[in-house]
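# Sequence first, then the predicted structure, then my questions.
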Amino acid sequence: MFLFDSDNMWVELTDGRQLSVPLAYFPRLLNASQTQRADYLISGGDTGLHWEELDEDISVKGLLLGIADRTQSARKAS
């Protein structure tokens, strides 16, 4: 299961654990409409999430490791 509230993305894993991830980690999702957020696909052999319109890809492994959107830091480094 996968839900959003005003500040967080909630992901329920197949083993029953629930992750709450701040939307601030993913600016594209933070600034997206509810309709855009709802338009995602399960990707990577059921190990990731993909938003075509938002050009956003998030892996479950990345969520578990606390890895945020690297786009912003890559822009700052260049």
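Noted; the coordinates are in hand.
# got a pLDDT number for L49?
Note for L49: predicted pLDDT of 92.
# give the contact list for it.
F2, Y40, L41, I42, S43, E56, D57, I58, S59 (C-beta atoms under 8 Å, 6 or more residues apart in numbering). Yep, even glycine has a C-beta here, placed from its N, CA and C like the rest.
# secondary structure element for it?
Using DSSP states H and E, L49 sits in strand 48-51.
# okay, stretch 56-65 in CSV with CA atoms only?
C-alpha atoms of stretch 56-65 as CSV (Å, rounded to 0.1, in the frame of the first residue of the first chain):
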residue,chain,number,x,y,z
GLU,A,56,10.8,10.5,-10.4
ASP,A,57,12.1,7.0,-9.5
ILE,A,58,12.4,5.7,-5.9
SER,A,59,13.6,2.3,-4.8
VAL,A,60,12.4,0.6,-1.7
LYS,A,61,16.1,0.0,-0.8
GLY,A,62,16.7,3.7,-1.0
LEU,A,63,13.8,4.4,1.3
LEU,A,64,15.1,1.9,3.8
LEU,A,65,18.5,3.5,3.7
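# Please work out which residues outside that stretch touch it.
For stretch 56-65, contacts defined as C-beta under 8 Å, 6+ apart pick out 11, 13, 19, 21, 26, 28-29, 43-44, 47-51, 69.
# re the thing from before, from the contacts of L49, which would you call buried?
In terms of neighbour count (16 or more other C-beta atoms under 10 Å), the buried residues within the contacts of L49 are Y40, E56, D57, I58.
# could you give me the average pLDDT of the helix or strand harbouring the third one?
D57 belongs to strand 56-59 when assigned by DSSP H and E. The average pLDDT within strand 56-59 is 93.
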